[in-house]
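> let me see the structure of the following:
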Amino acid sequence: MAFTAGFWNAINSDRVYDAIQVSSIFDGIIDDGILKTFGGQFKVSAGTGMGVRVATGRAWFRHTWSYNDSIMVVTLPIGEVLLDRIDAVVLDVDNTPTAAGRRNMITYVKGTPGTPPSRPALINTAQRQQYPLAYVTVGRQVTTIGAGDISDQVGVGTPYARSVVTDVSNQVLSATLAQADWSGSPLAQTVSVPGANPNGYAYIAGPVEASFTEWGTRGVRLYTIGSGTMTFRATTQPTAALTATIFGGVI
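As a prediction, the model looks like this:
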């Protein structure tokens, strides 16, 4: 492994970076896991028939991100004739450098029927991993999954993401950015954020789920920290109010 650094603008294509290099800027800043403060954390609940519902959420695993912005239904096979089994609903992270790989997806792994049934083995190789969101007990001859059949694995078998900030954090703040209060060039807005401290603290700000699309589209970012205030900038005028969650920690 050689020394590497970046990033610079290319001159005649002499600076080219791949996805892993770009994603590596987060190494040491955020650990792999599901974001605890975003959406429904990929939690699994009973749906209709053999369908289970996977909630909204975001995750970071193996230098890749996963984002679910609406309820996803995963339909499991009906129960066996004679024996019970346990299925796994998983986040499948596949870095295999093939046409079929290089993707993440939410799917299920069918268990082997038995007495008693056991949880299925999940893929865990250098290039592909399956992270359990829930284990679902499927009784013999069952055609409907109930809440009591689901064993939640978010934050248990699959970790929540942690960062340098959240490891030492004693602040979780929030800010509301009014649509009408952006002004100047570049566009900026200063809001009251009780507890904000410019001395000895670092902050990471991001949108709540409802503000995610508008935040990204308008290029909103945290710019400066004041005593009890924060200033945000935007590339273009937001068309709606935005809400941010802000993590702060001692540096």
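
> where does the stretch 151-251 of the chain dip in pLDDT?
Of all residues in the stretch 151-251 of the chain, those with pLDDT under 70 make up the ranges 163-170, 251.

> which residues of it fall in strands?
Counting by DSSP state E, counting those that start in this stretch, the stretch 151-251 of the chain has strands at residues 169-177, 187-192, 201-207, 221-226, 229-234, 242-250.

> now do the fifth one: which elements does it pack against?
Taking 3 or more C-beta pairs under 8 Å, 6 or more residues apart in numbering; DSSP states H and E as contact, the helices and strands that strand 229-234 lies on are strand 169-177, strand 187-192, strand 201-207, strand 221-226. For every residue, glycine as well, the C-beta is placed using N, CA and C.

> ok, which of those comes nearest residue 120?
Nearest of the helices and strands packed on strand 229-234 to residue 120, taken as C-beta to C-beta: strand 201-207 at 34.2 Å.

> tell me what that closest one is packed against?
If you count contacts as 3+ C-beta pairs under 8 Å, 6+ apart, strand 201-207 packs onto helix 164-167, strand 169-177, helix 212-217, strand 221-226, strand 229-234, strand 242-250.

> let's have those in JSON lines, adding distance to residue 201.
Listed next are those as JSON lines, based on distance: least, C-beta to C-beta, whole Å:
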{"stretch": "helix 164-167", "distance to residue 201": "9"}
{"stretch": "strand 169-177", "distance to residue 201": "7"}
{"stretch": "helix 212-217", "distance to residue 201": "22"}
{"stretch": "strand 221-226", "distance to residue 201": "7"}
{"stretch": "strand 229-234", "distance to residue 201": "11"}
{"stretch": "strand 242-250", "distance to residue 201": "5"}
